[in-house]
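Undergrad: Coordinates for the following, if possible.
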Amino acid sequence: MNANRLKKLLLGSLVLISSMEVSAQLSVPFKSRFEKHLKGDMAMIANTIVNRADYSNGPNDAYYNHTNQAKLNDEFFMDYIDVDDDEATFSSSSAELYAENPSYKKIIFAGLYWSATYLFNEGEQKGSEKYIPVDPARENFTNILIKFPGKEKYTAIAGQLLHDGIKDRHSKDMAPYAVFADVTSQLQALTNPFGVYTVANIRATLGTLSGGSAAGWTLFVVYEDPSLSEKYISLNDGFATLNAQPIDFSYFGFHTPASGNVNVKLAFGALEGDNNLIGDQILLGTKKGGNFQPITDGKRKPNNFFNSSITLDGHYCMNRYPDSKKYPGI
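TA: This is a model prediction of the structure:
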């Protein structure tokens, strides 16, 4: 695969991308996390955990301006979204995992990812290019909370650190991190794993930060369903910091039949907060043949694939709170 003119961070069949103006660098090579041949499918939900706060809007108020006049994240004061009315949490957002005929489905794998730009707790801009800490502390960010469908209380989750940008000279000005947790057993223990998930206490830099503050979470799920066709599903993860220079990365576990048509379903997750920054694209090709082609769909242009939206099959995902990429009337 070739990531061209990205300003972001990557995570395999699931890809996290972080906005930054830095040298291209594959900080953590991509490796296979999960591979399985089964009758079933994969599903993914996600949401942001920070949003703008201004004189007329709080961070829980969805940001619906996606015109050419919309501001960039570093032009806003960014604050935590917190939707759960729980004093024990400082940040939280929700999304619904939906599937038809859920009783036929058996969870095989579930991976929770969270990521943010997190140089310090809060910053402010001094001058055109200078950002200073208001609260210089940097807390533990590998432990969060998740509320599973049908549950009233949160479950504590300890994650595996994939990358911490504060230790990387290519990204230390924004210090993006990425964390993974295998939550397969927790979902398998649920009577019904399909429903609303709320993820809380993800940390990010508030206020203003070079490149803008961005943060969010993604739940990637693989399930068996005997009524569905056979598929080979695989997941890679790693970490790359990127800018205008192209960077190649390999995806492992991409198995295809020896003959016949190949139908491909790709899932990506992106830490990227600026819809109006164009020029980012991702191209797919083979190691032998090359011939890289840009990936796109109905809501993602070839030159702005990572556009700060959450979509499924060319449509915006509305079953989230807040649903900050919703187009009124569509």
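Undergrad: where does the stretch 101-250 of the chain have low pLDDT?
TA: The stretch 101-250 of the chain contains residues with pLDDT under 70 at 242-244.
Undergrad: tell me the secondary structure for the most far-flung residue of the chain relative to its centre?
TA: Taking Cα atoms, centre = their mean, the residue of the chain most remote from its mean C-alpha position is residue 259, at 33.9 Å. Here residue 259 is coil, with the state taken from DSSP: H, G, I helix; E, B strand; the rest coil.
Undergrad: do the same with residue 186
TA: Three-state assignment for residue 186 (three-state DSSP): helix.
Undergrad: what about residue 145, distance to residue 70?
TA: From residue 145 over to residue 70 the distance is 31 Å, taken as Cβ to Cβ, to the nearest Å. Where you see a C-beta, it was placed from the backbone N, CA and C, and this is true even at glycine.
Undergrad: who's more crowded, these two?
TA: Higher neighbour count among residue 145 and residue 70: residue 145, with 20 against 14, using other Cβ atoms under 10 Å.
Undergrad: The more buried one pairs with what?
TA: Here residue 145 shows beta-bridge partners residue 156, residue 200, assigned using DSSP bridges.
Undergrad: residues in contact with it?
TA: If you count contacts by Cβ atoms under 8 Å, 6 or more residues apart in numbering, residue 145 has them with 89, 92, 154, 155, 156, 157, 199, 200, 201.
Undergrad: Okay, strands next: where are they in the stretch 1-150 of the chain?
TA: 2-4, 25-48, 50-52, 78-80, 92-97, 106-117, 122-125, 131-135, 143-147 (DSSP state E, counting those that start in this stretch).
Undergrad: wait, which of the ones you listed is closest to residue 271?
TA: When those are ranked by proximity to residue 271, the top entry is strand 106-117, at 4.5 Å, counting by Cβ to Cβ.
Undergrad: Make TSV out of the strands of the stretch 1-150 of the chain and add distance to residue 293.
TA: Formatted as TSV, the strands of the stretch 1-150 of the chain follow (distance: least, Cβ to Cβ, whole Å):
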stretch	distance to residue 293
strand 2-4	10
strand 25-48	20
strand 50-52	33
strand 78-80	35
strand 92-97	30
strand 106-117	26
strand 122-125	40
strand 131-135	38
strand 143-147	37
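Undergrad: Among those strands, which comes closest to residue 216?
TA: The closest of the strands of the stretch 1-150 of the chain to residue 216 is strand 25-48. By Cβ to Cβ, the value is 4.4 Å.
Undergrad: now for that closest one, which elements pack on it?
TA: Using 3 or more Cβ pairs under 8 Å, 6 or more residues apart in numbering; DSSP states H and E as the contact test, the elements touching strand 25-48 are strand 92-97, strand 106-117, strand 160-164, strand 215-224, strand 230-241, strand 320-321.
Undergrad: Quick one: list the elements packing against the first one.
TA: Where contact means 3+ Cβ pairs under 8 Å, 6+ apart, strand 92-97 is packed against strand 25-48, strand 195-200, strand 215-224, strand 320-321.
Undergrad: can you tell me how far the residue farthest from the centre of the chain sits from residue 219?
TA: Here residue 259 is placed at a distance of 35 Å from residue 219 (Cβ to Cβ).
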